[in-house]
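Peer 1: Build me a structure from this.
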Amino acid sequence: MVNEILTVAQCYAADRFAEAHGVASLTLMENAGRAVADAVIGRHVRGNAVVLCGPGNNGGDGFVAARHLAAFGWDVCVALLGGREALKGDAAEMAKRWDGTVVPLTPDVLNDAMVVVDALFGAGLARPLSGVAAELVRKLNNSNLPVVAVDVPSGLHGDRARGFDDTVVEAEVTVTFFRKKPAHVLMPGRLKCGEVIVAEIGIPDAALESIKPNTFENGPELWGADYPWPDPLGHKYGRGHCVVVSGNAHATGAARLAARGALRIGAGLVSVASPPDAVPINAAQLTAIMIKPFSGAKGLSDLLSDKRFNAVVIGPGCGVGQATRELVAAVLASGAVTVLDADALTSFHDDPNALFRMLREPAVLTPHEGEFDRIFAGLLTKSQNKVEAARSAAVAAKCTVLLKGPDTVIAAPDGGVIVNSHAPAALATAGSGDVLSGFIGGLMAQRFESYKAAAAAAWLHGKAASRFGPGLISEDLPELLPAALSALKEELDERHLHPPR
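Peer 2: Residues are numbered from 1 along each chain as shown. Have a look, this model is predicted:
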């Protein structure tokens, strides 16, 4: 698998593993620098390249890249921060092997450049850029010069996925090694990286067995083999019955969006549980989706006593307050697998522990960052990044937490985390989260394990949106899903990820 996301410390551990198993550190640096040069050569017409080298191993990678670019006929200038005599270890050795121009690092080195290689600082940078390095980066970002960054753009911390201030290189391409880091998939770091290339430099995959990573980038490799495709001998009653709880008459649209999503993603039957005043408007809008009237928490509890209703989505349009808290309690007491979104979460903002005491797997919470902060107060601020925050939240809630955003993070209570990195900006539209809740509920109705259901739904949500482009509205998403599912099935068939029948 190549979906693993490694922390900076885990990447250092992978390097040490490779060296302990016979791969020289100089070999790793040579391969890294050559991969950077290949990225430049493969994307740009031969010309003038400036390689910005820092005082550490990133600088060593830069010297290697410079040597390979020169061998390919590029006119290369190396600009070094500090003197050659300050270089140590492998970086010093690679500097010796470079027999071309080395000049002091100043903003003026950019004047004649066509392409810039950023090998100033790596993923473990512990302080803001300052002095001439900061001055140069600001000029570089204003220059529109194409930048190929080594490992991460300078100024960006590999784990935090952000800089210590606003001075961070804005790269066109970032070449990293062995596996991605959080900065390559989480915002805002991902935007600074541009296209991310993962180069194999000689670290054996066996390093992962000792590292035991538990963070992954979302993709069908993680859940495709278990995806609940219809069985040729199956029937609708075998594919579950998802209930979406509607709000009152003035707030019914969100529930219908979720219900449509649940039906499209394959739940055998879907019903909207409607308060009495919402029944006429929901009935007027729905056809294949059924209406189940209920009144209050007792009425919903009575409805869900029918165990054929095996999945419930609650929250969209329900309203914030005690009434919704009571509805949530009724749903969680029913034993149905549950997706809690929007008002189902915000209603517990003044007493989140009351919610946590009721939660259990299988359940999925789907907050955006504002809702997340209401029930996990301060966790985002004090966590290093969204991965760490979502992981802590899932442990506290004892169930799967899907923290929405352009870098949606799905966390399981056992510590596993999946980062969804391919959602288009068009998904920032009213109601798209309601559809996502329906996708998750529809998959869970089909007895898909909650963590994988959340990851698959997030991936398909992004895939469907990507097929539309600008102008997307939430109503489009369920209608785009069949094409996304067909593409997924083709991909799984090609990669033989279907379970044997």
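
Peer 1: contact partners of stretch 325-337?
Peer 2: 243, 245, 296-298, 300-301, 304-305, 307, 309-312, 314, 318, 338, 340, 344, 347-348, 354-355, 358-360, 362-363, 441, 444-445, 450 (Cβ atoms under 8 Å, 6 or more residues apart in numbering). (Glycine included, C-beta is placed from N, CA and C.)

Peer 1: change it to 6 Å
Peer 2: Taking Cβ atoms under 6 Å, 6 or more residues apart in numbering as the criterion, the residues outside stretch 325-337 that touch it are 297, 300-301, 304, 310-312, 314, 338, 344, 347, 358, 362, 444.

Peer 1: How about stretch 150-163?
Peer 2: Stretch 150-163 is contacted by residues 7-8, 36, 58, 61, 118-123, 125, 129, 167-169, 171, 176, 181-183, 186, 188-189, 192, 384-385 when judged by Cβ under 6 Å, 6+ apart.

Peer 1: So which of the residues you listed are in strands?
Peer 2: Restricting those to those inside strands, with DSSP state E as the criterion, leaves 118-119, 176.

Peer 1: Restrict stretch 22-32 to CA atoms and write it as CSV.
Peer 2: Included here for stretch 22-32 are C-alpha records, laid out as CSV according to Å, rounded to 0.1, in the frame of the first residue of the first chain:
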residue,chain,number,x,y,z
GLY,A,22,22.2,-1.9,4.2
VAL,A,23,21.0,1.2,2.3
ALA,A,24,23.7,3.9,2.7
SER,A,25,22.4,7.3,3.7
LEU,A,26,24.4,8.8,0.8
THR,A,27,22.4,6.5,-1.5
LEU,A,28,19.2,7.8,-0.2
MET,A,29,20.3,11.4,-0.7
GLU,A,30,21.6,10.6,-4.2
ASN,A,31,18.3,9.1,-5.2
ALA,A,32,16.3,11.9,-3.6
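
Peer 1: picking that back up, can I get the contacts of stretch 325-337 in JSON lines with distance to L497?
Peer 2: JSON lines is the format used below for these (distance: Cβ to Cβ, whole Å):
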{"residue": "A297", "distance to L497": "42"}
{"residue": "L300", "distance to L497": "39"}
{"residue": "S301", "distance to L497": "40"}
{"residue": "L304", "distance to L497": "35"}
{"residue": "N310", "distance to L497": "26"}
{"residue": "A311", "distance to L497": "25"}
{"residue": "V312", "distance to L497": "30"}
{"residue": "I314", "distance to L497": "32"}
{"residue": "T338", "distance to L497": "28"}
{"residue": "A344", "distance to L497": "34"}
{"residue": "S347", "distance to L497": "39"}
{"residue": "M358", "distance to L497": "36"}
{"residue": "P362", "distance to L497": "23"}
{"residue": "M444", "distance to L497": "21"}
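
Peer 1: Closest to A13 out of the residues you listed?
Peer 2: In terms of Cβ to Cβ, no member of the contacts of stretch 325-337 lies closer to A13 than P362, at 33.6 Å.

Peer 1: which among the contacts of stretch 150-163 end up buried?
Peer 2: When burial is judged by neighbour count using 16 or more other Cβ atoms under 10 Å, the buried members of those are 7-8, 36, 58, 61, 118-123, 125, 129, 167-169, 171, 176, 181-183, 186, 189, 192, 385.

Peer 1: So the closest residue to L472 other than its chain neighbours: helix, strand or coil?
Peer 2: Excluding the flanking residues, the one nearest L472 by Cβ to Cβ, 6 or more residues apart in numbering is A426, at 4.1 Å. For A426, the secondary structure call by DSSP: H, G, I helix; E, B strand; the rest coil comes out as helix.

Peer 1: Just the ones of the buried ones among the contacts of stretch 150-163 in helices?
Peer 2: Those of the buried ones among the contacts of stretch 150-163 mapping onto helices are 8, 36, 58, 61, 182-183, 189, 192, per DSSP state H.

Peer 1: from these, which single one is nearest P367?
Peer 2: Distance to P367, by Cβ to Cβ, is smallest for P182 among those, at 20.0 Å.

Peer 1: quick one: that closest one from L208, how far?
Peer 2: P182 sits 16 Å away from L208, going by Cβ to Cβ, to the nearest Å.

Peer 1: before we move on, what about K463?
Peer 2: Looking at K463 against L208, where the rule is Cβ to Cβ, the gap reads 27 Å.

Peer 1: Ok, N385 next?
Peer 2: Counting by Cβ to Cβ, the gap from N385 to L208 is 21 Å.

Peer 1: I5 now?
Peer 2: The gap separating I5 from L208 is 11 Å, by Cβ to Cβ.

Peer 1: Neighbour count for those two, which is higher?
Peer 2: A direct count of neighbours by other Cβ atoms under 10 Å for I5 and L208 places I5 higher, at 23 against 18.

Peer 1: gap between the more buried one and S246?
Peer 2: Here the criterion is Cβ to Cβ. By it, I5 lies 38 Å from S246.

Peer 1: Kindly report the same for V152.
Peer 2: Here the criterion is Cβ to Cβ. By it, V152 lies 46 Å from S246.

Peer 1: now do I281
Peer 2: In this view, I281 and S246 are 9 Å apart by Cβ to Cβ.

Peer 1: any residues in contact with both of the two?
Peer 2: Overlap between the contact sets of I281 and S246, as judged by Cβ under 6 Å, 6+ apart, is given by T252.

Peer 1: who's more crowded, the two?
Peer 2: Regarding I281 and S246, a neighbour count based on other Cβ under 10 Å identifies S246 as having more, with 30 against 17.

Peer 1: Just list the residues touching L365, thanks.
Peer 2: Under the criterion of Cβ under 6 Å, 6+ apart, the contact list for L365 reads 340, 401.

Peer 1: Ok, H184 next?
Peer 2: The contact partners of H184, by Cβ under 6 Å, 6+ apart, come to 193, 196.

Peer 1: try it again with 8 Å
Peer 2: With contacts defined as Cβ under 8 Å, 6+ apart, the neighbours of H184 are 5, 152, 174, 176, 190, 193, 196.

Peer 1: Repeat that for V312.
Peer 2: Contacts for V312 (Cβ under 8 Å, 6+ apart) come out as 242-245, 304, 331, 334, 336-339, 441.

Peer 1: That one is in what secondary structure piece?
Peer 2: V312 belongs to strand 311-314 when assigned by DSSP states H and E.

Peer 1: any idea how far V102 lies from V76?
Peer 2: Computed with Cβ to Cβ, the distance linking V102 and V76 is 10 Å.

Peer 1: So which of these two has more stuff around it?
Peer 2: Looking at V102 and V76 with other Cβ under 10 Å, you find the greater number of neighbours at V76, namely 24 against 18.

Peer 1: got the buried residues for the host helix or strand of A394?
Peer 2: Under the criterion of DSSP H and E, A394 resides in helix 386-397. Within helix 386-397, the residues that count as buried by 16+ other Cβ under 10 Å are 386-394, 396-397.

Peer 1: same deal with stretch 343-351?
Peer 2: Neighbour-count burial for stretch 343-351 flags 343-348 (criterion: 16+ other Cβ under 10 Å).

Peer 1: And the next helix or strand past the strand holding V312?
Peer 2: Downstream of strand 311-314, the next assigned helix or strand under DSSP H and E is helix 322-334.

Peer 1: right, and the helix or strand after that next one?
Peer 2: The C-terminal neighbour of helix 322-334 among helices and strands, as given by DSSP H and E, is strand 337-340.

Peer 1: Return the distance of that next one from the chain's centre.
Peer 2: Between the centre of strand 337-340 and the centre of its host chain there is 21 Å, according to Cα atoms, centre = their mean, to the nearest Å.
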